[in-house]
Structure formats: structure tokens, C-alpha cells
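Asks: Return a 3D structure for these sequence lines:
(one chain, ligands or ions: 1)
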Amino acid sequence: MGDEDWEAEIIKPHMSSYVPVFEKDRYSSGANGDTFNRTPASSSEMDGGPSRRDHFMRSGFASGRSLGNRDAGESNKRENTTTVGSFGAGKGFGNRDFSNKFEEGDTSGFWRESNNDCEDNQTRNRGFSRRGDSKYEQDEGTQRTGGLFGSRRPALSGAGNGDTYQSRSCSGSGRGGYKGLNEEVITDSGKNTWKSEAEGGEGGDVQGPKVTYIPPPPPEDEDSIFAHYQTGINFDKYDNILVEVSGHDAPPAILTFEEANLCQTLNNNIAKAGYTKLTPVQKYSIPIILAGRDLMACAQTGSGKTAAFLLPILAHMMRDGITASRFKELQEPECIIVAPTRELINQIYLEARKFSFGTCVRAVVIYGGTQLGHSIRQIVQGCNILCATPGRLMDIISKEKIGLRQVKYLVLDEADRMLDMGFGPEMKKLISCPGMPSKEQRQTLMFSATFPEEIQKLAGEFLKSKYLFVAVGQVGGACRDVQQTILQVGQYSKREKLVEILRNIGDERTMVFVETKKKADFIATFLCQEKISTTSIHGDREQREREQALGDFRCGKCPVLVATSVAARGLDIENVQHVINFDLPSAIDEYVHRIGRTGRCGNTGRAVSFFDPESDSHLAQPLVKVLSDAQQDVPAWLEEIAFSTYVPGFSGSTRGSVFASVDTRKGKSTLNAAGFSSSQAPNPVDDESWD
Ligand SMILES: Nc1ncnc2c1ncn2[C@@H]1O[C@H](COP(=O)(O)OP(=O)(O)OP(=O)(O)O)[C@@H](O)[C@H]1O
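Replies: Predicted coordinates:
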């Protein structure tokens, strides 16, 4: 859907069709909300029995009947809160119980008046000239994203703390069509300089205002470091998932943490993190990595891939007797971890910090949208594990603050994304950087929940030929703990339906995905006007705003987060009970990642997707596949659309595979020929600032 389509929506009358009923009290209980009744309802339950909603979800939506249950008032508990900015200590990702800390500190929330925002005013007015020196005490950070913020901000200003969408009264949609510079840049050669834009402007040849944002340090106290949420009722069911390992001489899986024979400090940290049992991807990946093998691992969202690579890497480092990192102008980390988004890499860093607690291993995180000098200062203090987004990493390498000679472990999280046409070229540059050990001399590890065939092939360049491939369940399959519902909703009914769903949800945490940054602002503004406390995250927001938004969502201050695909992958936020795809993504793998923000670690969650036949028909086939693989009901109308849009080569039926079902080295997989994988992977140029 183009940017313009939805704008038309606001002036069209809304046709209400079918409204799903979410009854919070009946379908969720406990902090993890993991007691949804997933049993198919009997017809008698239609009248209000515990499974009424299920019945609606499973059959009513499919037929598009208007059941008209709108007991929304009762659950309209949300308020349009003022989001007071807080960037002070305590807002680390992955720490779940520090809501108080969001009340303190910097009151410069998002959408501030620009004249309250000295740093940004200064930098925007000044523009920047890139300096090649290494005087990182001064800030050379530059930002190419959102280059027109200077003009948009005053228009969006609210009150002194100016932080509500409400106060802006739809100003999100009234920006006079601002467009962040990151949306698309065409060079003289006519090629998209996606990389520069995706990177948030740290390195190179495109000018933009200087970035001065210094993220607050995460809390240092042990309780915060080890804060975690509970595994859910389905955690033990992970044991039943089929795991396939391909490649030669794979070491056997381990069944317990003890079998991994980790050092005492690591074991202590694992216990403090609340881990008592390995997840399947951990059972297989840990011994493989400990054995020094390269690995491509594919496992469902929320099933513990991060620890699956961090723990064995740390164990190796401890066994090798790593020396304490100390201050040096050039740091040579043993491990580099890359991920596609800033928030995700920060989360990985916090996990690394948690598991390395009490050891001499020092993890550092650097990412775009923050002051470059700050990144450098973090690095020079010592760095064993460097967690980085690609652009910032390349920038720091070019400044000779990071040397690659000691790299023993290279990890690509969300590896399919890291290798697709968006980040792939950057990753290739990384492995060809001077000093980077060849693939034979380093250990390369790739993790994701999706691994399209083409991407698996590209991965060969990075991995030793004898790498092992671990597939937990169906490669690219959706997490079965997420109850998926697809509603047929036309463009002009979406907002009304969204509001009704959210009112019925009450104050349970919900991520609403939309397709464009502009629309994210618009929908967030709209929801605030509807008195639903909402914040948003997307690539046109400054990094401090993104972190503020995520913080407000994490602590429950704003239970609704409207997001673009920048938040689709990897984010591990406690208690996200619902994902709503206001717009479906263009690629099915992204759908799988988006809905994976709920139903994590054995908890259950629900995903509702608005399917607009006008724009989403191409997704019907892969959606049918994903739904049926995850043992979800498939609406009859969706199957009909899938048949009617049948693409020859799609494995002969709507139930054909969408993803490579196996390690592609085994021969031609059943990847669909309709091109629903990487060929339609989201291109960061289109809409997002990924890094
Ligand atoms: N063995 C375990 N026991 C208990 N909790 C665990 C275990 N392993 C991981 N977790 C927790 O499960 C949650 C999800 O883990 P993680 O974020 O690593 O998932 P993921 O597989 O990387 O998901 P995604 O595909 O969305 O990136 C985290 O909160 C993590 O701390």
C-alpha cells in the first residue's frame, strides 16, 4: 500500500463490518497471559461461553458475518497518557521492572518542542561536515536520517513536556508530507544508497545533521541485569518439536546445562537468569558451537536463539583464558555480533552483559542514531564482544578503533535479514575488511527464525563448507504458541476495527504493525485521540524517541506500540500479548517475525491480521501455508483467494512450502516460486531506517 492510500482513508466514511470480540478476563490471566482458551468452540459457546471468542475468531471472521458485539465501553481502560521522556538510568532493554524509573530523569520526551532540544537544534541548524580525525571527544556522529526533522518538529510540538500524540491533534498526518531522508536516496549512478540511509548516517559520503544522542547507561545493579520474565505454559512443549541437523559429524545434542560443562560463573549467571532447562535450539547449537563448528540455525521466534550462541561463545572465551580487556585506542574484540536494528543489538548486548557478569569479558554495544564519540569511548575502554549494527560497525572500523585480527566468532543474528539485499553488501564488506580472519580461521554463526533458500545460498560465502544446519521445526514456520487470526478488512474499515479490537483487549500490551513510517505516526495519533495510550517506533523517529517509545511500551505506560517493520525482528518484550497487523507486510517471512513478538518462551499470544484483498492477495498462498503449518484454522475465504491467485510453481498447491523446508545443500528445496521470500523482503530503502 502506498503512503497516499491511507491518507485518503481519513476523509472517507468508515464502514463497520465485523468486530472481533476479545474478552480479556476470559482469555487471559496471569502476568504472562498464557491461558488463552485455544480449544475450538462448540456452537453453544457462541452465546457467551468461555470459547465464544475462539469461535468468532475461527469461523465468524472467515465468513465476514457481522456479529456486532461491541461491548467496548467496559474495556476502554486506556488513557491517553502524556509520555514524559526519560532517558535516565534504568531504561535498559531487557529489564522488566523499572517502571518507576520512567517517571524520573530527563523530561524531554518525544515530540518535544525543538527549542527544548538544544542538542538537536544545534546540530540541525549546523549541519555537519565529516571529519576524518579521531578526536572522538568531539562528536563526529552524523545523521542522515530524518533530515527534515528540523521542519517537522515545531509542527508537532505539544506542551512543555510536549509528549503526547494527542496534543498534536493529528499533526502526525499533517506534516506537509515530510519525508525523512532515509526513505530513499538516489545517487548519481541511480543506485539507491540504501546503506547510508539504513545506517543512520555514520559513515561516509552523505551529509546530514550531527547526532549527539548518548543513550543512558543501562542499570548496573544485579537485579536489573538478571531481570527476566517467566517461561510460559508451553515451554515444556518445546521438547516435542522435531529438530533436524544436517552436515557431517554433528556433535550430539545435550539435554541439560550441566552437560555443556560450562564454567561455574556462567552456570551461576544462567541460574540467576532463571534458565533451568535448555530450549531445543540451545540443546543442539551449544555443543555444535563448543565443538568449533560453523552453524546456521533456524528456530522459531522467541525460543532462545540469543543464549544459544552467547553461552558457548562465552564458554570458549573463558576456557581460552581470555585476558581482561583494557584501555587501548585500537581494540581487537574476539567476537563480533551484528543485528539489523539498533534496539535488537542493544538487547543482545544486555544479554551478553548478563551472561558475562562476574567474568573479565567485556561486551560493548554500538549502533546508529547515537553519538559516534560515545560509541568510540565505549570501545576504547576495552572490548571482547562487540555488538553492533552494520553501519556503525563499518564506521568504527574505518576510524581504526576496531581491529579485526583477533576475531574468532562472527555472529549474524537475524541472518537472513543481514544477508539480503539490504545488508548483504555491508556484510560482504565486513568479511573482506583488512585483518578479518578468513572463514576458515574464524567461527561464523547464523541465527534466524526464517531462512529463505536464496539466502541460505548466499550464506555459503560466509561459512565453512562443512557448516552444520540446525532446523528446529519447520524452517520459517510461525511459532505455534501464537494464535493467528486473519480478518478480511478493507482499507477504509481498518481504523474502526483496530479501535474496537483495542478497546476489547483493554490494557494488555499490543504491537500494531503498519507499513509506513508516516502511517505509524498517523495511527498512533489517531489512537491517542481515541484515548488509547499509544506510542510509536519507526525509522523517522530519532533514536532517543525510539528508545523512549520502547521504554514506555515495556513498562506498560503506553500499552500500545504502533510500529513499522523496524520492530518486527528479535525484540523480546515481556507480556506482549497481542500483535495486530494493521497492514500485512509484503513478505511472509516478515509476517512470521512480526507475530513472533508475542507468544515467546512458551507463553501464548495472539495475532490478528487485517487482510485487504485489494492489496494483500499475493500473500494468500504463503499465509495459508504458514497457518496450516502452525495448525491454525485457515479461513475458507483465504483459501479461495489463494486458489484464485494461484501462482504456477508454488509447489502445485496452496499448501506448498513457503520456505526452504530443509538445509538447501540437500538439494532443491520446495521453496515457492512465487517469490515470497527474499525477492519480496522488505527493502530498507522503501521505508525504514533499519540501523
Ligand atoms: N533456556 C531458557 N530458559 C528460560 N528462558 C529462556 C531460555 N532461553 C531463552 N530464554 C528467554 O526467552 C526469551 C526469548 O529468547 P530470545 O530473545 O533469545 O529468542 P529468539 O529465539 O532469539 O527470538 P527471535 O526469533 O524473535 O529473535 C528471552 O526472554 C530469553 O531470556
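
Asks: Can you tell me the SS state at the closest residue to the ligand within the stretch 151-300 of the chain?
Replies: In the stretch 151-300 of the chain, the residue that lies nearest the ligand is residue 275 (3.8 Å; CB to the nearest ligand atom). Where you see a C-beta, it was placed from the backbone N, CA and C, and this is true even at glycine. Counting by DSSP: H, G, I helix; E, B strand; the rest coil, the backbone at residue 275 sits in coil.

Asks: what sits against it?
Replies: 257, 307 (CB atoms under 8 Å, 6 or more residues apart in numbering).

Asks: Same question for residue 418.
Replies: 338, 339, 340, 390, 412, 424, 427, 446 are the contacts of residue 418 under CB under 8 Å, 6+ apart.

Asks: how many other residues sit next to the first one?
Replies: The local packing of residue 338 (other CB atoms under 10 Å) involves 25 other residues.

Asks: which stretches of the stretch 551-691 of the chain have low pLDDT?
Replies: Applying pLDDT under 70 to the stretch 551-691 of the chain flags residues 647-662, 666-691.

Asks: who in it is up against the ligand?
Replies: Residues of the stretch 551-691 of the chain lying close to the ligand (CB under 6 Å from any ligand atom) are 570, 572, 596, 600, 601.

Asks: remind me which residues of the stretch 251-400 of the chain are low pLDDT?
Replies: For the stretch 251-400 of the chain, no range has pLDDT under 70.

Asks: ok, now with 90
Replies: 321-326 (pLDDT under 90).

Asks: The ligand contacts on that one?
Replies: 274-275, 277-279, 282, 299, 301-307.

Asks: Just want the residue of the stretch 351-500 of the chain that's nearest the ligand.
Replies: For the stretch 351-500 of the chain, CB to the nearest ligand atom, closest residue to the ligand: residue 449, 4.2 Å.

Asks: My guess is that residue contacts residue 297. True?
Replies: No. With contacts counted by CB atoms under 8 Å, residue 449 stays clear of residue 297, the gap being 9.9 Å.

Asks: Which neighbours do those two have in common?
Replies: Here residue 449 and residue 297 share the contacting residues residue 305, scored by CB under 8 Å, 6+ apart.

Asks: quick revisit: tally of neighbours for the residue nearest to the residue of the stretch 351-500 of the chain closest to the ligand when sequence neighbours are not counted?
Replies: Once flanking residues are discounted, residue 449 sits nearest to residue 301: 4.7 Å by CB to CB, 6 or more residues apart in numbering. Using other CB under 10 Å, residue 301 has 27 neighbouring residues.

Asks: So residue 301 sits against residue 603, correct?
Replies: No. With contact defined as CB under 8 Å, residue 301 does not reach residue 603; the gap is 11.7 Å.

Asks: With secondary structure as extra columns, can I get the residues of the stretch 251-400 of the chain next to the ligand in a markdown table?
Replies: Formatted as a markdown table, those follow (three-state DSSP):
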| residue | secondary structure |
| --- | --- |
| 274 | coil |
| 275 | coil |
| 277 | coil |
| 278 | coil |
| 279 | coil |
| 282 | helix |
| 299 | coil |
| 301 | coil |
| 302 | coil |
| 303 | coil |
| 304 | coil |
| 305 | helix |
| 306 | helix |
| 307 | helix |
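
Asks: Kindly supply the ChimeraX command isolating those of those residues that are buried.
Replies: To isolate the buried members of these in ChimeraX, using 16 or more other CB atoms under 10 Å:
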select :275,278,279,282,299,301,302,303,304,305,306,307
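
Asks: which among the residues of the stretch 251-400 of the chain next to the ligand gets closest to residue 438?
Replies: residue 305 (25.5 Å; CB to CB).

Asks: For the closest one, give me its contacts.
Replies: When contacts are counted by CB under 8 Å, 6+ apart, residue 305 touches 281, 285, 297, 299, 413, 447, 448, 449.

Asks: Contacts for the strand or helix carrying residue 410 next, please.
Replies: In the assignment (DSSP states H and E), residue 410 maps to strand 409-413. For strand 409-413, the external contacting residues (CB under 8 Å, 6+ apart) are 305-306, 309, 313, 316, 334-339, 344, 348, 418-419, 427, 430-431, 442-448, 462, 570.

Asks: Disregarding residues adjacent in the polypeptide, which is nearest to residue 617?
Replies: residue 645 (4.8 Å).

Asks: Now do the contacts for the one you found.
Replies: By CB under 8 Å, 6+ apart, the residues touching residue 645 are 617, 618, 620, 621.

Asks: how near is it to the ligand?
Replies: 29 Å (CB to the nearest ligand atom, to the nearest Å).

Asks: Relative to residue 549, how far out is that residue?
Replies: Separation of residue 645 from residue 549 (CB to CB, to the nearest Å): 36 Å.

Asks: Looking at residue 454 now. What's its pLDDT?
Replies: With respect to pLDDT, residue 454 scores 88.

Asks: Under a three-state scheme, what state does it occupy?
Replies: helix.

Asks: Which parts of the stretch 401-550 of the chain are helices?
Replies: 415-419, 424-432, 453-459, 494-505, 517-529, 543-554 (DSSP state H, counting those that start in this stretch).

Asks: How about residue 502, nearest residue that isn't a chain neighbour?
Replies: residue 532 (5.4 Å).

Asks: what's the answer for residue 336, then?
Replies: Closest to residue 336 by CB to CB, 6+ apart is residue 386, at 5.0 Å.

Asks: Output whichever strand or helix holds that neighbour as PDB - backbone C-alpha positions only.
Replies: Under the criterion of DSSP H and E, residue 386 resides in strand 385-388. The C-alpha coordinates for strand 385-388 follow below in PDB (Å, rounded to 0.1, in the frame of the first residue of the first chain):
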ATOM      1  CA  ILE A 385      32.400  -8.800  22.500                       C
ATOM      2  CA  LEU A 386      31.300  -6.100  20.100                       C
ATOM      3  CA  CYS A 387      27.600  -5.900  19.400                       C
ATOM      4  CA  ALA A 388      27.000  -3.600  16.500                       C
END
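
Asks: who are the neighbours of the helix or strand following that strand, in terms of helices and strands?
Replies: Moving toward the C-terminus from strand 385-388, the next helix or strand (DSSP H and E) is helix 390-398. Here helix 390-398 is seen to pack against helix 194-198, strand 335-338, strand 363-366, helix 372-380, helix 424-432 when contacts are counted using 3 or more CB pairs under 8 Å, 6 or more residues apart in numbering; DSSP states H and E.

Asks: Just the angle for helix 390-398 relative to strand 409-413, thanks.
Replies: 160 degrees (axes from the mean of the first three to the mean of the last three CA atoms, to 10 degrees).

Asks: Okay, buried residues for helix 390-398 please.
Replies: Counting neighbours by 16+ other CB under 10 Å, one finds that the buried residues in helix 390-398 are 390, 391, 392, 393, 394, 395, 396, 397.

Asks: now stretch 410-425
Replies: Those would be 410-424, for stretch 410-425 by 16+ other CB under 10 Å.

Asks: Give me the mean pLDDT for that stretch.
Replies: For stretch 410-425, the mean per-residue pLDDT is 95.

Asks: Can you give me the end-to-end span of that stretch?
Replies: With CA to CA, to the nearest Å as the measure, stretch 410-425 spans 16 Å from end to end.

Asks: number of nearby residues for the closest residue to residue 354 other than its chain neighbours?
Replies: Once flanking residues are discounted, residue 354 sits nearest to residue 225: 5.4 Å by CB to CB, 6+ apart. Number of residues near residue 225 (other CB under 10 Å) recorded here: 20.

Asks: before we move on, the earlier item: CSV for the residues of the stretch 251-400 of the chain next to the ligand, including distance to residue 536?
Replies: CSV is the format used below for these (distance: CB to CB, whole Å):
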residue, distance to residue 536
274, 31
275, 33
277, 36
278, 36
279, 31
282, 34
299, 30
301, 22
302, 23
303, 28
304, 29
305, 27
306, 25
307, 30
